[in-house]
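Chemist: coords below, sequence missing:
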């Protein structure tokens with residue numbers, strides 16, 4: 001398990017172009033569906049997209065959004081961003097849109113009364129299960145987040161009240177990169193674990209475990 005967590009990457013350029021076979025895909029989706037959820041509400045669904053025209057249309061939309069983001073950056077940051085690939089929509093051949101239904105489980109979901117966001121957190125846990133299961137199968141996953149939600153909703157005909165949380169590109173890969181892309185290209189380094197741990201109270205300075 002620890003090895004899979006360390007190997008997990010947000011895959012962009014490493015897809016082989018082959019489709020993940022259905023048996024493997026269903027194992028991965030089964031792992032996602034076994035995620036914990038508040039009040040056992042299971043608010044997720046998975047829309048598998050393989051139609052070439054749909055993939056191409058979404059890829060074109062994402063490319064436009066990438067340009068918009070690049071143009072919003074200061075020149076130095078834009079140069080750092082330019083070589084970073086943000087999606088593998090057509091290369092993977094399979095997209096999984098993970099959706100969230102906040103009404104599932106009824107109006108009084110056990111455990112969600114005081115923290116309503118726990119419903120959405122549950123769907124994100126399903127995505128993490130999916131990602132780790134895929135990595136264990138040597139299948140890559142890339143989370144695409146450069147899109148207008150309204151465009152994606154219309155593209156896959158989501159009914160009212162169903163929110164798209166993630167478009168995941170999924171497929172066999174040549175390799176998993178040793179270093180995540182955003183670190184390799186100089187966008188941002190991983191924080192040391194020691195900076196993320198706080199003991200007893202949150203400290204704005206570098207946390208140190210009390211002796």
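Modeler: Perfect, thanks for sending it. All values derive from a computational prediction rather than experimental measurement.

Chemist: following the top strand by length along the chain, which helix or strand shows up next?
Modeler: Longest strand in the chain, counting residues (DSSP state E): strand 162-172. Using DSSP states H and E, the helix or strand that follows strand 162-172 towards the C-terminus is helix 181-184.

Chemist: got a list of contacts for that following helix?
Modeler: Applying Cβ atoms under 8 Å, 6 or more residues apart in numbering, the external contacts of helix 181-184 come out as 9, 10, 12, 84, 85, 177, 187, 188, 189, 190. The way it works is simple: take the backbone N, C-alpha and C, and place the C-beta from them, glycine included.

Chemist: Next, find the distance separating the closest residue to the third one other than its chain neighbours from residue 49.
Modeler: Pointing back at residue 12 there. Among residues not flanking residue 12 along the chain, residue 85 sits closest, at 4.1 Å (Cβ to Cβ, 6 or more residues apart in numbering). Distance of residue 85 to residue 49, given as Cβ to Cβ, to the nearest Å: 20 Å.

Chemist: Comparing the two, which residue is more hemmed in?
Modeler: More crowded of residue 85 and residue 49, by other Cβ atoms under 10 Å: residue 49, with 17 against 14.

Chemist: what's the more buried one sitting at in phi/psi?
Modeler: Per-residue torsions, residue 49: phi -120, psi 120 (degrees, to the nearest 10).

Chemist: Go ahead and confirm it touches residue 94.
Modeler: Yes - look at residue 49 against residue 94 with Cβ atoms under 8 Å: they come within range, at 7.1 Å.

Chemist: May I see the buried residues of the least confident helix or strand in the chain by mean pLDDT?
Modeler: Sorting the helices and strands of the chain by mean pLDDT, DSSP states H and E puts helix 181-184 at the bottom, at a mean of 81. For helix 181-184, burial by neighbour count (16 or more other Cβ atoms under 10 Å) applies to residue 181.

Chemist: Which is the succeeding secondary structure element to it?
Modeler: Per DSSP H and E, helix 181-184 leads on to helix 193-196 as the next helix or strand towards the C-terminus.

Chemist: Okay, buried residues for that following helix please.
Modeler: Result for helix 193-196 [16+ other Cβ under 10 Å]: no buried residues.

Chemist: Repeat that for stretch 91-98.
Modeler: 91, 92, 93, 94, 95, 96, 97, 98.

Chemist: Give me the distance between that stretch and the centre of its chain.
Modeler: Its chain's C-alpha centre and that of stretch 91-98 lie 11 Å apart, by Cα atoms, centre = their mean, to the nearest Å.

Chemist: now stretch 113-120
Modeler: On Cα atoms, centre = their mean, the centre of stretch 113-120 falls 20 Å from that of its chain.

Chemist: repeat for stretch 78-96
Modeler: With Cα atoms, centre = their mean, you get 13 Å for stretch 78-96.

Chemist: gap between the most centrally placed residue in the chain and residue 92?
Modeler: Residue closest to the average C-alpha location in the chain (Cα atoms, centre = their mean): residue 143, at 3.6 Å. Distance, residue 143 to residue 92, by Cβ to Cβ: 12 Å.
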